[in-house]
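Asks: got a sequence here, can you model it:
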Amino acid sequence: MYWEPKEETVSREDLRRLQLERLQATLTRVSRNVPHYRKRFAEMGIDPDEFTSLADVRRLPFTTKKDLRDGYPYGLFAVPLREVVRLHASSGTTGKPTVVGYTRNDVKKWASLVARVLVAGGAGRDDVVQIALGYGLFTGGIGFHYGAEAIGAAVIPSSSGNTRRQAMIMEDYRTTTLVCTPSYALHLADALDALDINVNALSLRHGLFGAETWTEAMRAQIESRLKLTATDNYGLSEIMGPGVAGECLERCGMHVNEDHFLMEIVDPVTGEAVDEGEAGELVLTTLTKEAFPMIRFRTGDLTRILPGPCPCGRAFRRISRILGRADDMLTIRGTNVFPSQIEAVILEVEGMTPHYRVVVERVGALDEATVEVEAAEGGFFDRIGEHQHLVERLKKRLASELGVSMQVRLVEPKSLERADGKVKRVVDKREMGKREE
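Replies: Got it, this is the predicted structure:
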């Protein structure tokens, strides 16, 4: 099922032609209206009229979050503020927030692109969509809200938090489609168990999850515990919000809405293009944004382009689930490790829950990593022998799969952080020490 069949099944040849036309128009607009790009283009001798191939995009400069913060709040807008009808912003937890704007046309396109993702994930006009994502300056909640309204679904804007109330709403309002982060989906499953709500009696059919890295093992847990079909989706505020990419019901990668976004995969260190199918940093250029166009924005998210067409018939290429953040990669004794790899190992060991935290510190001249993980409820803390056996099994699996030894510490069930937004999985005390110095 498609939301916009003609656009979503366009031929690759026609799509490339459309992308080039939209890229040329975008470059012309930013060179005239955005001082940052006008200056950079002049410094690099770039003339937008000379772009005759999509491959020419590699000649363009990258845009980074630093550029956005340097232009705070409106320095990278391409239209006067009187044409902006919506403002959103990042959390600003690592400095000034990045402020993004939308014209009336931007908002309409945004709703349509989120509608594509919802329909691909199984939602339709007969659904009751519970959106348990934060509203306000965060783009997630309101982005999915307008997309769900566009397809004619009944929307429950339950927002984030108040988990017991979320569970009650799910039962009483007969929610059929759940939208939240994957970790919060499991937190909701815990709440349903605690409230003795029979999941099999709920109306849930589909769940769209994103905003944080997760694994196939975590998908399996969510589907088993909530009795729904779970799909992955991807978006980021600087590009638009949700609606950049999403899985169809084939669940073999996220389709990028390529008629609106030009994607590249580059080496996160060198910035050079990687070979087809190789993992690297996702770089996106907006092709239709009016208020806040982005040229070669470095997302910091690691993924790969998946080969071949999808059985669903969509023309847009697919990317794998997000493998991690370029800035979240841990280097432990010379070995690169991502939190998602640790999570995948944890979920393969029976008796563990998907709730964990990695603490990295320097002991003498060496790095030490400790994985704190919750054992499933069932008495492990009363049986020391089984407790130790579980720890040793996980340590061996981590060393085998990751190529580096880690300590493992079991913690009490439900003692690690739960959140309705992104959960902080890594505490790097090496970095804390540097800041204190």
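Asks: show me the domain layout of this structure.
Replies: Residue ranges for the domains of the chain, per automatic domain parsing: 1-326, 330-436.
Asks: any buried residues in the helix or strand harbouring Ala148, and which?
Replies: Element membership of Ala148, judged by DSSP states H and E, is helix 139-150. Residues of helix 139-150 classed as buried by neighbour count (16 or more other Cβ atoms under 10 Å): Thr139, Gly140, Gly141, Ile142, Gly143, Phe144, His145, Tyr146, Gly147, Ala148, Ala150. (Each C-beta comes from the backbone N, C-alpha and C, glycine too.)
Asks: so for the second one, what's the pLDDT?
Replies: Gly140 is assigned a pLDDT of 93 by the prediction.
Asks: could you do the fifth one as well?
Replies: As predicted, Gly143 sits at a pLDDT of 97.
Asks: do you know how far it is from Val10?
Replies: Separation of Gly143 from Val10 (Cβ to Cβ, to the nearest Å): 24 Å.
Asks: please identify the buried residues of the longest strand along the chain?
Replies: The longest strand of the chain (DSSP state E) is strand 352-363. Residues Met352, Thr353, Pro354, His355, Tyr356, Arg357, Val358, Val360 are the ones in strand 352-363 that count as buried (16+ other Cβ under 10 Å).
Asks: okay if I get the buried residues of helix 139-150 as TSV plus distance to Ala273?
Replies: Output for the buried residues of helix 139-150, formatted as TSV (distance: Cβ to Cβ, whole Å):
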residue	distance to Ala273
Thr139	28
Gly140	30
Gly141	35
Ile142	34
Gly143	30
Phe144	32
His145	36
Tyr146	34
Gly147	32
Ala148	36
Ala150	35
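Asks: relative to Gly334, which of the residues you listed is nearest.
Replies: Lowest distance from Gly334 to the buried residues of helix 139-150 (Cβ to Cβ) belongs to Gly140, with 36.7 Å.
Asks: what about the helices in the stretch 201-350 of the chain?
Replies: In the stretch 201-350 of the chain, the segments counted as helices under DSSP state H, counting those that start in this stretch are 216-226, 339-348.
Asks: so which of those is the most packed in?
Replies: Compared across the helices of the stretch 201-350 of the chain, helix 339-348 shows the largest average neighbour count, a mean of 20 (mean count of other Cβ atoms under 10 Å).
Asks: that helix versus helix 216-226: what angle between them?
Replies: In terms of direction (axes from the mean of the first three to the mean of the last three Cα atoms, to 10 degrees), helix 339-348 departs from helix 216-226 by 50 degrees.
Asks: for helix 339-348, name the packing helices and strands.
Replies: Packed against helix 339-348 by the contact rule (3 or more Cβ pairs under 8 Å, 6 or more residues apart in numbering; DSSP states H and E) you find helix 216-226, strand 324-325, strand 352-363, strand 366-375, helix 384-402.
Asks: skip the chain neighbours and tell me the closest residue to the residue nearest the centre of the chain.
Replies: With distances taken as Cα atoms, centre = their mean, Ala211 lies nearest the centre of the chain, 3.7 Å away. Leaving aside its chain neighbours, Ala211 sits nearest to Thr181 (4.9 Å; criterion: Cβ to Cβ, 6 or more residues apart in numbering).
Asks: likewise Leu398?
Replies: Excluding the flanking residues, the one nearest Leu398 by Cβ to Cβ, 6+ apart is Met406, at 4.9 Å.
Asks: Ala291: how many residues sit nearby?
Replies: Other residues within reach of Ala291, judged by other Cβ atoms under 10 Å, total 24.
Asks: where do the strands sit along the stretch 1-150 of the chain?
Replies: Using DSSP state E, counting those that start in this stretch, the strands found in the stretch 1-150 of the chain span residues 86-89, 99-102, 128-131.
Asks: tell me the buried residues in the first one?
Replies: Of all the residues in strand 86-89, those buried under the rule 16+ other Cβ under 10 Å are Leu87, His88, Ala89.
Asks: need the residues that contact it.
Replies: For strand 86-89, the external contacting residues (Cβ atoms under 8 Å, 6 or more residues apart in numbering) are 97-102, 106-107, 137-139, 142, 237, 241.
Asks: can you give the distance of it from its chain's centre?
Replies: On the basis of Cα atoms, centre = their mean, to the nearest Å, strand 86-89 sits 19 Å off its chain's mean C-alpha point.
Asks: sheet partners, orientation included, of that strand?
Replies: Sheet pairing of strand 86-89 (DSSP bridges) gives strand 99-102 (antiparallel).
Asks: contact partners of the strand it pairs with?
Replies: By Cβ under 8 Å, 6+ apart, the residues outside strand 99-102 that reach it are 68, 72-74, 77, 79, 81, 84-89, 110, 139, 237-238, 291-292.
Asks: switch to 7 Å and redo it
Replies: 72-74, 77, 84-89, 110, 237-238, 291-292 (Cβ atoms under 7 Å, 6 or more residues apart in numbering).
Asks: which residues sit against stretch 146-162?
Replies: By Cβ under 7 Å, 6+ apart, stretch 146-162 touches 3, 110-112, 114-115, 117-119, 123-125, 127-135, 141, 145, 166, 169, 173, 175, 243, 420-421.
Asks: 8 Å instead, please
Replies: Residues outside stretch 146-162 that contact it (Cβ under 8 Å, 6+ apart): 3, 107, 110-115, 117-119, 123-135, 141, 145, 165-166, 169, 173, 175, 177, 179-180, 184, 242-243, 420-421.
Asks: and the residues you listed, which are buried?
Replies: 3, 107, 110-115, 117-119, 123-124, 127-135, 141, 145, 166, 169, 175, 177, 179-180, 184, 242-243, 420-421.
Asks: can you report how many residues neighbour Pro309?
Replies: Pro309 is flanked by 12 other residues according to other Cβ under 10 Å.
Asks: contact partners for it?
Replies: Taking Cβ under 8 Å, 6+ apart, we find Pro309 in contact with Ala315.
Asks: that one and Ala273: what is the separation?
Replies: Using Cβ to Cβ, Pro309 is found at 22 Å from Ala273.
Asks: where are the low-confidence patches of the stretch 51-200 of the chain?
Replies: Counting by pLDDT under 70, the stretch 51-200 of the chain has low-confidence residues at 91-95.
Asks: and the helices in it, which stretches?
Replies: Counting by DSSP H, counting those that start in this stretch, the helices of the stretch 51-200 of the chain are 65-70, 104-120, 139-150, 163-172, 182-194.
Asks: now do the buried residues in the fourth one.
Replies: If you call a residue buried by 16+ other Cβ under 10 Å, then helix 163-172 has these buried ones: Thr163, Gln166, Ala167, Ile169, Met170, Glu171.
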